[in-house]
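# Sharing a model that was predicted from the sequence below.
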Amino acid sequence: MGFVATFFIALGLSADAFAVAVSNGFSSRRPRIGEALRFGVAFGLFQALMPLVGWLAGSGMAGLFENTDHWVAFGLLAFIGGKMMYEGIWGEATNGEAKAVTFWVLLILSVATSIDALAVGISLSLLSTPIFVPAVLIGITTLCVSTAGFLLGKRLGRFFGRRVEVAGGIILVAIGAKILIDHLIRGVAGRV
């Protein structure tokens, strides 16, 4: 697989991480580059690791992941998104400052946005494509894209205040629903 094709795969895989980073940048109380890099590194790391795991799992476990990955991603994103919406509407006022994202929430978001990369790794294994360069490129691309997304979200959050936490939650639930619907449609189309 060539560099250009791999780069476009990396961009496609980083789209969910970008959207989640933007929604978290909306409600972040830390405008520093360090917080943006924390998201970028977490998302990039998982986006790089998941293709490796998928590649190692190979074709033997491909069916197992295909049947559950979309449900896992939807459940995780819907849970975190629902929590953000709840806190944005009924949570305590924080004098214009949102709460920092905890390690566990960042871990859940990183896993949820990288599940598709697991399927890419399985696909590359089935094609007997070496995985190291694609995994590194996917990780670096996601790191850059999600760091930029967080900083963009932070700028937008300054203008919209606390409502952005609700908007961020809606975005997370919508991304989870999109992942679920895309996989269900592919499943129906595959049976026809």
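Structure received.

# from here on, contacts and neighbour counts on C-alpha atoms
Fine.

# Name the next helix or strand downstream of the helix or strand of the chain with the lowest mean pLDDT, please.
Within the chain, confidence by mean pLDDT, DSSP states H and E is lowest for helix 62-90 among all helices and strands, at a mean of 71. Under the assignment DSSP states H and E, the closest C-terminal helix or strand after helix 62-90 is helix 103-126.

# Next up, the contacts around the most centrally placed residue in the chain.
Centroid-nearest residue in the chain, with CA atoms, centre = their mean: Thr113, separated by 2.5 Å. By CA atoms under 8 Å, 6 or more residues apart in numbering, Thr113 lies in contact with Asp16, Ala17, Phe43, Gln47, Ala73.

# separation between the second one and Cys144?
Distance from Ala17 to Cys144, counting by CA to CA, to the nearest Å: 10 Å.

# Name the residue in these two with the higher neighbour count.
Higher neighbour count among Ala17 and Cys144: Ala17, with 30 against 19, using other CA atoms under 10 Å.

# Confirm for me that Ala167 is in contact with Met85.
Yes - the criterion here is CA atoms under 8 Å, and Ala167 meets it with Met85 at 7.4 Å.

# So if I had to pick from the two, which one is more boxed in?
Of the pair Ala167 and Met85, Met85 is the one with more neighbours under other CA under 10 Å, namely 23 against 20.

# and the more buried one, how far is that from Val166?
4 Å.

# Equivalent analysis for Ser114, please.
From Ser114 to Val166 the distance is 23 Å (CA to CA).

# neighbour-wise, which of these two wins?
Comparing Ser114 with Val166 by other CA under 10 Å, the one with more neighbours is Ser114, at 27 against 22.

# which residues touch the more buried one?
Here Ser114 is in contact with Leu13, Ala17, Phe43, Phe46, Gln47, Met50 (CA under 8 Å, 6+ apart).

# wait, which of those is closest to Ala119?
Met50 (8.3 Å; CA to CA).

# Tell me if I'm right that that closest one and Ala112 touch.
No - using CA under 8 Å, Met50 is not in contact with Ala112, being 10.8 Å away.

# Now for Met50: which residues touch it?
Met50 touches Ser114, Ile115, Ala117, Leu118, Gly121, counting by CA under 8 Å, 6+ apart.

# what's the burial count for the second one?
Okay, so that is Ile115. Neighbours of Ile115 under the rule other CA under 10 Å: 22.

# if we can go back for a sec, may I see the contacts of Ser114 arranged in a markdown table, with secondary structure as well?
Converted to a markdown table, those look like this (DSSP: H, G, I helix; E, B strand; the rest coil):
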| residue | secondary structure |
| --- | --- |
| Leu13 | helix |
| Ala17 | helix |
| Phe43 | helix |
| Phe46 | helix |
| Gln47 | helix |
| Met50 | helix |
